[in-house]
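Enquirer: Build me a structure from this.
(one chain, ligands or ions: 2)
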Amino acid sequence: MTDCLFCKIARGEIPAKKVAETDQCLAFRDIAPQAPVHVLVIPKTHYTSVNDITDWAELAAVMAMGREVARSEGIDEKGYRLVINTGKDGGQTVDHLHLHVLGGRHMKWPPG
Ligand code: 5GP
Ligand code: ZN
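Expert: Ligands and ions are numbered 1, 2, ... in the order given. Got it, this is the predicted structure:
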């Protein structure tokens with residue numbers, strides 16, 4: 001998608017602090033971190049949200065990179081949170097599917 005922020009990041013048209021990359025996915029640091037570790041993982045294919053996924057292998061690849069990032073950031077043993085906000089009530093603000101990898105502090109439940 002031409003005008004999509006995360007598609008532009010995936011194409012390298014907008015700079016981002018990359019953490020990991022494969023042909024399918026990209027991980028980069030969130031611009032407004034909500035925890036000591038806050039990384040976003042996106043599929044390079046544009047899906048607006050979970051509601052639009054047609055190839056579940058893409059979501060599997062995103063989740064696998066999320067776990068890899070948790071390992072490389074050193075938060076896998078202590079624990080972390082993987083979040084996919086979906087739609088308005090879900091708190092989604094960027095309309096390109098993304099997985100939040102959050103850690104480095106204790107997470108509260110339930111979320112706000
Ligand atoms: P959502 O609220 O849609 O689940 O998450 C969107 C996330 O994208 C937010 O945590 C926000 O801080 C992050 N974000 C928005 N714009 C940019 C940007 O230009 N660069 C980066 N790295 N993160 C962004
Ligand atoms: Zn996009």
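Enquirer: neighbouring strands for whichever strand in the chain runs longest, and are they parallel or not?
Expert: As assigned by DSSP state E, the longest strand anywhere in the chain is strand 37-43. For strand 37-43, sheet partners with direction are given as strand 25-29 (antiparallel), strand 99-103 (antiparallel), following DSSP bridges.
Enquirer: Just put the ones you listed in JSON lines and tack on mean neighbour count.
Expert: No exception for glycine: its C-beta is placed from N, CA and C like everyone else's. Formatted as JSON lines, the entries for these read as follows, by neighbours: other C-beta atoms under 10 Å:
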{"stretch": "strand 25-29", "mean neighbour count": "21"}
{"stretch": "strand 99-103", "mean neighbour count": "21"}
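Enquirer: so which of those strands gets nearest ligand 2?
Expert: Nearest to ligand 2 among the strands paired with strand 37-43 is strand 25-29; the distance by C-beta to the ion comes to 11.1 Å.
Enquirer: Report whether the closest one contacts ligand 1.
Expert: Yes. Strand 25-29 lies within reach of ligand 1 by C-beta under 6 Å from any ligand atom, at 28, 29.
Enquirer: who touches that strand?
Expert: 9-10, 16-21, 38-44, 61-62, 65-66, 69, 101 (C-beta atoms under 8 Å, 6 or more residues apart in numbering).
Enquirer: Can you tell me which of those residues are buried?
Expert: Buried members of these, scored by 16 or more other C-beta atoms under 10 Å, are 9-10, 16, 19, 38-44, 61-62, 65-66, 69, 101.
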